[in-house]
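Colleague: Please find the sequence and the predicted model below.
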Amino acid sequence: MTPLQFEALYQAEWDELETLLDRVLGRSGAGRRRDPSEEIPGARVAALYRRACEQLALARARAYPTYIVDRLERLTADGHQVIYRGHEFGFARLKQMLAIEFPRAVRKQWRYVAAASAIFVIPTIAVGLLIYWRPELILAVVSPETAASFEEMYSPGAESIGRVRDASTDWIMFGYYIRNNIGVAFQCFAGGLFAGVGSLFFLAYNGAFGGAVAGYLTERGLSSTFYSFVATHAAFELTAIVLSGAAGLRIGHALLAPGRLTRRQALVEATRESATILYGITAMLVVAAGIEAFWSSARWLAPAVKYSVAAMCWVAVLAYLTMQGRRAG
Amino acid sequence: MVTAETPEGILLELRPAGLSARFYAFALDALIRIAILYAAAIGLLFLGGLGVAILFILTFLLEWFYPVAFELTPSGATPGKKVFGLRVVMDNGLPVTAAASVTRNLLRVADFLPFGYGFAIVSILLRRDCKRLGDIAAGTLVLHEPRKAGRIALDSVPPLAPAAPLTPEDQAALIAFAARAPRLTGERLDELAALAAVVSGDAGRQGPEVTRRVLGVAQWALGRR
């Protein structure tokens, strides 16, 4: 069969498949904006796609001209995309993710979560105690102006806690926390790509910094304002940062000790598992930012109220991560 | 060139996009992001505190999720990538999944190091499949959209039977030559045709007449009689 005969024989099929695929993919110029409610005959697309696959194999084997092979390649590539497309959107999927998959993924990686918690908490306590004991060391971490502004933020006279002066409203701080804190968590995760060293660094650094501020403010006698401020949102924020660090460590471990997979396969596998955790921590950090901006900073709430709510939040978060989704499936 | 096998057993040929195309697309996207932010800032700053908050959140979304939102559309490309004919797909040629798109974009942080996307540039330059670190981890590829190849315009040349039987490879080479003919200068066309002149029985000769006869054999190989 000559190329022209081949083309003449199957031209009509290719045109039909092309029009159908353009409609599915929503390409402009496809069928001149036909009625969108019109059904797309799925079985016909699949049948034409399989035929195009056969014809492509023939055209390649017979070394037909480039324009025919190219056209068939485009048709099969588009058809492949349309037919084997995964469906992973929608609210049902989101619910499944938050109600079952996220806590499960966290439990599955409990070793990394434990390691990340240790790497975060040990520097927090060590640096906290060190600065409580020798408060002048805070100047090794931040400049004198910043240290002074910490004191101002948490002084009993401040109108709302955790902010310099009162120029900023709750809403501004909400936006700021989202931008800042989620960024920190994403860094902890991405650092895992460097054999986990980046995650280790960011976890320890953020832990040590938090510890330094806590130790300094406690020594200054501002513990009641400071701890009542951080206790509630810490349940979500610190947990999320530890979890993103844990996901980073998982990736780093996959690179260092890939087991029976190649390093690249191990990396792809680890990243796929971590994606669920990333969705979860993003949600947790949005909640944390909301609490931090609107609840933690409120002056009119008695510390006792804040501590009890904080305790409930911690119990809820830990129970969610350890118990949720155990029965399903 | 990277290939992906479909369940039907054919190999899809994927053309990974190199550094320059990806850089242009990135630069265009950066300009678009700045423009959106600038326009939003002008409007939102009249709203006071709430406006600033929305601006912060918008900055955050543009920073991390601008590429994700566009990669999950049917075109699989940010506006910048679309302009330069690029798209993001999975290693197997399928549309990028939400999880993969999120990971490849969050891992930009790692690609950015030590400065100015240093690791991404080195990785793209060194790898055959032009992946940056985020692409390796998420199992994604950035491709050139396939272009439409033009049809062969040889209608003015009368078909001519070959002087000797031609193998399928010879026929394919002749047809490829004919497809390139409109883009070559007359002299170069004649030189190349002289190399293939044996097919029309003109071995050793060169000139416009020989070229016409060689292209005639190409017409015959295409199936015109």
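Modeller: Yep, that arrived.

Colleague: Can you name the next helix or strand after the helix ranked longest in chain B?
Modeller: Taking DSSP state H as the criterion, chain B has its longest helix at helix B:19-44. Sequence order places helix B:49-64 as the next helix or strand after helix B:19-44, per DSSP states H and E.

Colleague: residue closest to the middle of chain B?
Modeller: In chain B, the centroid-proximal residue (C-alpha atoms, centre = their mean) is residue B:144; its distance is 1.9 Å.

Colleague: What is the burial count for the closest residue to that residue other than its chain neighbours?
Modeller: Distances taken as C-beta to C-beta, 6 or more residues apart in numbering or on different chains put residue B:15 closest to residue B:144, at 4.4 Å, once the chain neighbours are dropped. C-beta here means a position set from N, CA and C on the backbone, and glycine is covered the same way. Residues lying near residue B:15 (other C-beta atoms under 10 Å in any protein chain shown) number 15.

Colleague: my guess is residue B:15 meets residue B:141, correct?
Modeller: No. Between residue B:15 and residue B:141 there is no contact under C-beta atoms under 8 Å: 9.6 Å.

Colleague: Show me whatever sits in contact with both of those two.
Modeller: Counting by C-beta atoms under 8 Å, 6 or more residues apart in numbering or on different chains, the shared contacts of residue B:15 and residue B:141 are residue B:2.

Colleague: Would you state the helices of chain B in chain order?
Modeller: Going by DSSP H, chain B shows helices at B:19-44, B:49-64, B:66-71, B:79-83, B:98-106, B:108-112, B:118-126, B:133-138, B:168-180, B:186-195, B:208-222.

Colleague: Pull the distance from the helix ranked longest in chain A to the chain's centre.
Modeller: Counting residues, the longest helix found in chain A (DSSP H) is helix A:223-256. Put simply, helix A:223-256 sits 13 Å off its chain's centre (C-alpha atoms, centre = their mean, to the nearest Å).

Colleague: Can you name every helix or strand that the helix or strand just after it contacts?
Modeller: As assigned by DSSP H and E, the chain's next helix or strand after helix A:223-256 is helix A:263-291. Judged by 3 or more C-beta pairs under 8 Å, 6 or more residues apart in numbering or on different chains; DSSP states H and E, helix A:263-291 is in contact with helix A:102-108, helix A:170-190, helix A:223-256, helix B:98-106, helix B:133-138.

Colleague: Format the ones you listed as JSON lines; extra columns: distance to residue A:216.
Modeller: Listed next are those as JSON lines, based on distance: least, C-beta to C-beta, whole Å:
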{"stretch": "helix A:102-108", "distance to residue A:216": "32"}
{"stretch": "helix A:170-190", "distance to residue A:216": "20"}
{"stretch": "helix A:223-256", "distance to residue A:216": "9"}
{"stretch": "helix B:98-106", "distance to residue A:216": "32"}
{"stretch": "helix B:133-138", "distance to residue A:216": "38"}
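
Colleague: Using a markdown table, please lay out those together with mean pLDDT, distance to residue B:197 and mean neighbour count.
Modeller: Listed next are the helices and strands packed on helix A:263-291 as a markdown table, based on pLDDT from 0 to 100; distance: least, C-beta to C-beta, whole Å; neighbours: other C-beta atoms under 10 Å in any protein chain shown:
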| stretch | mean pLDDT | distance to residue B:197 | mean neighbour count |
| --- | --- | --- | --- |
| helix A:102-108 | 89 | 68 | 20 |
| helix A:170-190 | 80 | 61 | 22 |
| helix A:223-256 | 89 | 58 | 24 |
| helix B:98-106 | 86 | 52 | 24 |
| helix B:133-138 | 88 | 48 | 25 |
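
Colleague: coming back round to it: same list (the helices of chain B) but as a markdown table, adding distance to chain A.
Modeller: Below are the helices of chain B laid out as a markdown table (distance: least, C-beta to the nearest C-beta, whole Å):
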| stretch | distance to chain A |
| --- | --- |
| helix B:19-44 | 10 |
| helix B:49-64 | 3 |
| helix B:66-71 | 11 |
| helix B:79-83 | 12 |
| helix B:98-106 | 4 |
| helix B:108-112 | 4 |
| helix B:118-126 | 9 |
| helix B:133-138 | 4 |
| helix B:168-180 | 3 |
| helix B:186-195 | 17 |
| helix B:208-222 | 5 |
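
Colleague: how does chain A divide into domains?
Modeller: Following automatic domain parsing, chain A resolves into domains at A:3-83, A:91-323.

Colleague: Comparing those, which yields the minimum mean pLDDT?
Modeller: Per-segment mean pLDDT for those reaches its minimum on domain A:3-83, at a mean of 81.

Colleague: can you give me the strands for the stretch 51-200 of chain A?
Modeller: Using DSSP state E, counting those that start in this stretch, no strands are assigned anywhere in the stretch 51-200 of chain A.

Colleague: Closest residue of it to chain B?
Modeller: The minimum distance from the stretch 51-200 of chain A to chain B, using C-beta to the nearest C-beta, falls at residue A:175 (2.8 Å).

Colleague: before we move on, what about the stretch 201-329 of chain A?
Modeller: Residue nearest to chain B within the stretch 201-329 of chain A: residue A:275 (3.6 Å; C-beta to the nearest C-beta).

Colleague: so who does that residue touch?
Modeller: The contact partners of residue A:275, taken as C-beta under 8 Å, 6+ apart, are B:99-100, B:102-103.

Colleague: one more time with 10 Å
Modeller: A:97, A:101, A:105, A:247, B:97-103, B:106, B:138 (C-beta atoms under 10 Å, 6 or more residues apart in numbering or on different chains).

Colleague: Touching, residue A:327 and residue A:103? I think so.
Modeller: No. Contact between residue A:327 and residue A:103 fails when scored by C-beta atoms under 10 Å: they sit 11.7 Å apart.

Colleague: what's the nearest residue to the residue nearest the centre of chain A if we skip its chain neighbours?
Modeller: Most central in chain A under C-alpha atoms, centre = their mean is residue A:278, positioned 2.7 Å from the mean C-alpha point. Leaving out its chain neighbours, the residue that sits closest to residue A:278 by C-beta to C-beta, 6+ apart is residue B:102, at 6.1 Å.

Colleague: Now do the contacts for the one you found.
Modeller: Per C-beta under 10 Å, 6+ apart, neighbours of residue B:102: A:274-275, A:278-279, A:282, B:64-65, B:67-68, B:71-72, B:96, B:138.

Colleague: OK, contacts around the nearest residue to residue B:16 once chain neighbours are set aside?
Modeller: Excluding the flanking residues, the one nearest residue B:16 by C-beta to C-beta, 6+ apart is residue B:130, at 4.1 Å. Contacts for residue B:130 (C-beta under 10 Å, 6+ apart) come out as B:2, B:15-19, B:21-22, B:123-124, B:141-143.

Colleague: Residue A:262 too?
Modeller: For residue A:262, the contacting residues are residue A:268, by C-beta under 10 Å, 6+ apart.

Colleague: Which phi and psi values does it adopt?
Modeller: Phi and psi for residue A:262, reported as degrees, to the nearest 10, are phi -70, psi 160.

Colleague: What separation do you get for it and residue A:254?
Modeller: To residue A:254, residue A:262 is 11 Å away according to C-beta to C-beta, to the nearest Å.
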